[in-house]
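In: sequence-free structure coming up:
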């Protein structure tokens, strides 16, 4: 038995070693092939002359055109007066970079240099699941590196269609290319969840962006901020309209049947409080949310949508006592964003009593607007069932960076989907 | 002079002293060879001399070069003599720090302060009321403990929670009764118990009323308003009633004392209010709306349909407001 175990361990080690040896061979040759097309992208603060943000980039489409992530250059786009951008090559050369255009929804940015930078990398289609991928970049400003990993296909249940890359990406590698065995770009490094769980932007979005820019000869966007705002706003409307048209799943919560997941991008979880033995109140909750976070700047990501139903029932409490606890629970209303007064207005709220499936709810809608992104708002809806002596339902609905009117349309749909089950 | 005589009144903390002036000149001072001796350290050994000119006409001479004298608020130089006639209004003098008046014995005295135990004052002076208030206060806190507990507990838990309130009530009663004892020379425990109970139950009752009104009107201002009343009016008003009754003070002086004793609390509440106002003007990411829920569900707002609610929200929150806000910020 003991001997058998050793063999298996030996086998695993052998396979692993032979595999990595093969990968290393390919990765070292690959690195040499593309080395001259990989750069570090740096955002420089004029006031100190020092770099403030670093990421990676690669030459694509034309010798003077570079692709990177939007989140690498967002510090510059949000404050072009204070910041500028330059590149650092693997051989230590530097030079200025200029912004051509961005796709904020897919976290892409296209930059241009004064002089040719190197040979543009070719793009290709995403290989089959399990294929080896090579990701390049400059992690933590420690030096240009190549990371080997595996393609695990499109991320399930997500709106941004990123590629799940089982390899270790680190900060500073953002914007670097992920290559197939032939050295063609199939994705752009964008994020990591740690432990070999990383994400790549699918190359198709880069191709779409490059195609658009090719038509206008890679001239810089005239109203970049306006274009970003439009991208965000259109995307929000499109997303909300799509959700309204879908067939929704339904969930049972207490004596209500309510809308559950609206499509594959929204997943629902049980979030009930673990009941304590001597607790006087039963609490059952379901939370549904998407995983969308569109990066705008370090403090601001939008796109999140979350709705939550919490059912309360009294276990031997008199009604005033139940309501004291119920009211105490009715404290929802904080949206988890770090937006401050430079970014958003104050919340404006309206409260009414609304009859939903024959039961009255004290419903509040709040809205606050983004100051720099016209047409986007945070919407907060919360409602608590009233007039039932010993049961209650609190419904919360948050949308971050969204179109207000379509959000309210979606709310209308949701509320009509509430059904009391006697 | 007939039956009417001249009186010198010396004001002291509890009961004033009166000297009938019969043999002139009368000399007032701290030295023991004076006609009227005032053992007040601010009074000079020989401070004042009063001569009779004719009937109620007097000549008052200030002998003091130390703290001096004032007559009807005018200060007198050393050895200055002033002629004065005592009419229906008394002549006020101040010798050093001591208040003294020259009066006629036929002057009207103020009305007897009759112990008024009717109306709202009954709360203070009837022992039944005092006891009821105390029991009511304790029951209110017991009920509050019961409502607030989130887990099932034994009765001993709620009673145990009540003990700090009982301790507070007893301590407050003793402090109030003790202060009154110093001034009135009587123990007035009943009224002190009423006062202490009112201090404790007042905020609670106002809070409950405010909560009820908040839900009734779907607004936050009723409770906020009542809390202002609680913070700024409750203490002076209850103190005023107590001083009027127990100390038989005139309305103005009762008001003065009530305000004086309330000052530390009022200043504290004022600084708290300022902080609150400063916080309110700060930017907050928190949404501000009425969250009250009530088991009674008594409200003025009717229930509306989902469509009406959506129409209202779209209309009232519809327009994009960020730009006007940004303009406000830059002003």
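Out: Noted; the coordinates are in hand. Model, not experiment: these values are computed from the prediction.

In: Taking the stretch 51-200 of chain A, what residue is nearest to chain B?
Out: residue A:78 (15.9 Å; CB to the nearest CB). Every residue, glycine included, has its C-beta placed from N, CA and C.

In: nearest spatial neighbour of that residue, skipping sequence neighbours?
Out: residue A:297 (5.2 Å; CB to CB, 6 or more residues apart in numbering or on different chains).

In: Tell me the confidence at the residue of the stretch 51-200 of chain A closest to chain B?
Out: Listed pLDDT for residue A:78 reads 85.

In: can you tell me how far it sits from residue A:44?
Out: 15 Å (CB to CB, to the nearest Å).

In: In three-state terms, label the nearest residue to residue A:130 once chain neighbours are set aside for me.
Out: Using CB to CB, 6+ apart and skipping the chain neighbours, the partner closest in space to residue A:130 is residue A:150 (6.2 Å). Classification of residue A:150 using DSSP: H, G, I helix; E, B strand; the rest coil returns strand.

In: Hmm, residue A:150 is touching residue A:134, no?
Out: No - counting by CB atoms under 8 Å, residue A:134 is not a contact partner of residue A:150; they are 10.8 Å apart.

In: Settle it for me: which of the two has more neighbours?
Out: Neighbours per residue (other CB atoms under 10 Å in any protein chain shown) separate residue A:150 from residue A:134, with residue A:134 holding more: 22 against 15.

In: Which neighbouring elements make contact with the strand or helix carrying that one?
Out: According to DSSP states H and E, residue A:134 maps onto strand A:132-137. Strand A:132-137 is packed against helix A:2-34, strand A:50-59, strand A:145-154, strand A:177-179, strand A:185-194, strand A:197-202, with contacts defined by 3 or more CB pairs under 8 Å, 6 or more residues apart in numbering or on different chains; DSSP states H and E.

In: which residues of the stretch 51-200 of chain B fall in strands?
Out: B:57-62, B:69-71, B:74-76, B:81-85, B:91-95, B:98-104 (DSSP state E, counting those that start in this stretch).

In: what bits of chain A have low per-residue confidence?
Out: A:1-25, A:157, A:275-277, A:333-337 (pLDDT under 70).

In: I misspoke; the intended subject was chain B.
Out: Using pLDDT under 70, the flagged stretches of chain B are B:1-3, B:115, B:320-331.

In: count of neighbours near residue B:300?
Out: By other CB under 10 Å, the burial measure for residue B:300, its neighbour count, is 9.

In: per-domain residue ranges of the chain.
Out: In the absence of a named chain, chain A is used. Listed domain ranges for chain A are A:33-222, A:231-420 (source: automatic domain parsing).

In: Chain B is the one I meant
Out: Here the domain parsing of chain B from automatic domain parsing is B:6-104, B:119-281.

In: State the distance from the spatially most central residue of chain A to chain B.
Out: Note on chain A: the residue nearest the mean C-alpha position is residue A:293, at 3.0 Å, using CA atoms, centre = their mean. Applying CB to the nearest CB, to the nearest Å, the value for residue A:293 to chain B is 17 Å.

In: my read: that residue touches residue A:306, true?
Out: No - with contact defined as CB under 8 Å, residue A:293 does not count as touching residue A:306 (11.9 Å).

In: Against residue A:382, how distant is whatever residue of the stretch 1-150 of chain B ends up closest to chain A?
Out: The stretch 1-150 of chain B approaches chain A most closely through residue B:147 (4.5 Å), counting by CB to the nearest CB. According to CB to CB, residue B:147 stands 23 Å off from residue A:382.

In: Perfect, that will be all.
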